[in-house]
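Q: Show me how the following folds:
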Amino acid sequence: MCNHNDSYRPSAGVDRKRGWNMASTSTPTSSMTDGIPEMSAPRVRENPAHSIGGGLALLLGLLGLIAGVALVVLGATVGSAGLKAALIVIGVLVAIAAFFAMCGLNMVAPGEARVVQLFGRYRGTIRTDGLRWVNPLTSRTKISTRVRNHETAVLKVNDAYGNPIELAAVVVWKVEDTAQAMFEVDDFLEFVSTQTEAAVRHIAIEYPYDAHDEAGLSLRGNAEEITEKLAVELHARVEAAGVHIIESRFTHLAYAPEIASAMLQRQQAGAVVAARRLIVDGAVGMVEAALTRLTEQDIVELDSERKAAMVSNLLVVLCGDRAAQPVVNTGTLYQ
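A: A predicted model of the protein is given here:
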């Protein structure tokens with residue numbers, strides 16, 4: 001399900017929250033732009049339309065309507081038939097002209113713009129809010145320039161290792177060039193929705209959910225880097241529509257249900273191995289420190305066999321997952 005709202009609202013009930021990425025502050029590099037489609041250069045760019053304050057135009061239009069009505073009334077009271085017809089015709093024409101001129105009035109709210117066309121040719125964009133007047137022969141199309149958010153549906157794709165995963169993303173964007181949004185694409189809302197889904201799918205198949213190599217990037221372990229790449233790719237894809245990507249992030253990231261249990265066991269096994277490795281490293285360090293201090297302080301002399309037995313006992317005590325049972329030796333060290 002796709003949402004297009006004028007303000008961002010964090011989605012509720014998502015599985016994992018990823019850090020926001022400021023697309024406007026990232027500089028695309030050659031590694032980031034690899035595999036990103038190149039869009040054609042825009043044929044038209046936004047420029048300001050010629051308009052005047054609507055207050056004066058409204059006042060002149062009302063005066064014209066009043067003058068036209070007054071001429072018609074005056075003509076009705078004149079006795080001469082020729083003058084009477086002339087005054088009525090002039091009054092009607094003045095009223096029609098005033099009404100037609102008032103059709104050029106536009107109310108532009110903050111966060112909105114009007115794309116002005118004259119007989120199919122782009123004449124500019126009105127961004128100044130308030131009451132504005134333009135040529136009444138032109139057509140004016142309203143486009144919102146407010147910040148919007150688009151959240152993709154939960155997509156099921158295969159990651160770089162071929163494992164099926166589920167992911168979704170939210171993108172915060174706004175229209176930056178109204179001319180491109182109006183004339184370069186058929187429907188810029190649908191265009192943003194489709195390109196966002198395509199970018200999310202492309203990022204998902206480029207990287208694994210969990211990297212087997214610690215030096216490699218993964219969707220789960222390198223959220224900041226992946227979302228930065230997502231923002232760069234999104235910017236390249238929707239730039240032709242005059243859209244600016246403000247922020248992007250993943251809102252849902254998980255293994256598909258059919259392999260979730262197996263992958264959970266794998267993650268648990270990896271965590272156990274990492275914990276054991278840490279315990280062993282620490283135990284070896286403690287045994288080495290103990291032997292070094294015994295030798296330096298000349299507390300007791302141990303031959304190689306006794307050192308090996310001491311190392312074995314200490315490692316069993318330190319690395320065991322159960323409490324050690326002490327054994328008291330009442331004999332000599334070699335009995």
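
Q: Poorly predicted segments of the stretch 101-250 of the chain, please.
A: Filtered on pLDDT under 70, the stretch 101-250 of the chain yields the residue ranges 214.

Q: Which helix or which strand is home to the nearest residue to V78 once chain neighbours are set aside?
A: With sequence-adjacent residues excluded and distances taken as Cβ to Cβ, 6 or more residues apart in numbering, V78 is closest to K84, at 4.6 Å. C-beta coordinates here come from the backbone N, C-alpha and C atoms, glycine included. Using DSSP states H and E, K84 falls within helix 81-102.

Q: Need the residues that contact that helix.
A: 57-58, 60-65, 67-76, 78, 136 (Cβ atoms under 8 Å, 6 or more residues apart in numbering).

Q: And stretch 117-134, by the same measure?
A: With Cβ under 8 Å, 6+ apart, stretch 117-134 has contacts from 44, 46-58, 104-110, 112-116, 135, 137-141, 145, 178-179, 182-183.

Q: Can you flag the buried ones in those residues?
A: 46, 49, 51, 54, 57, 104-106, 108, 112-116, 138, 140, 145, 178-179, 182-183 (16 or more other Cβ atoms under 10 Å).

Q: the strands in the protein, which residues?
A: Assigned by DSSP state E, the chain shows strands spanning 3-5, 21-22, 52-53, 105-108, 112-118, 121-126, 130-133, 139-144, 148-151, 155-158, 164-175, 243-255.

Q: on that earlier part again, from the contacts of helix 81-102, which land in helices?
A: 57-58, 60-65, 67-76 (DSSP state H).

Q: Whichever of those residues end up buried, select them in ChimeraX.
A: The following ChimeraX line selects those of those that are buried, judged by 16+ other Cβ under 10 Å:
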select :57,61,64,65,68,71,72,75
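
Q: residues in contact with I52?
A: By Cβ under 8 Å, 6+ apart, I52 lies in contact with 132-133.

Q: That one bridge partners, please.
A: W133 (DSSP bridges).

Q: in the sheet, who's paired with V170?
A: E151, R249.

Q: so it touches S248, yeah?
A: Yes: using Cβ atoms under 8 Å, V170 is in contact with S248, at 7.2 Å.

Q: When these two are compared, which one has more neighbours?
A: Shown here are V170 and S248; by other Cβ atoms under 10 Å, S248 has more neighbours (28 against 23).

Q: what's the distance between the longest helix belonging to the chain and the middle of its chain?
A: Looking across the chain with DSSP H, the single longest helix is helix 257-296. Relative to its chain's centre, helix 257-296 lies at 39 Å (Cα atoms, centre = their mean, to the nearest Å).

Q: For that helix, name the packing helices and strands.
A: Packing contacts for helix 257-296, counted by 3 or more Cβ pairs under 8 Å, 6 or more residues apart in numbering; DSSP states H and E, involve strand 243-255, helix 304-319.

Q: can we see that at 10 Å?
A: Other elements packing on helix 257-296 under the criterion 3 or more Cβ pairs under 10 Å, 6 or more residues apart in numbering; DSSP states H and E are strand 164-175, strand 243-255, helix 304-319.
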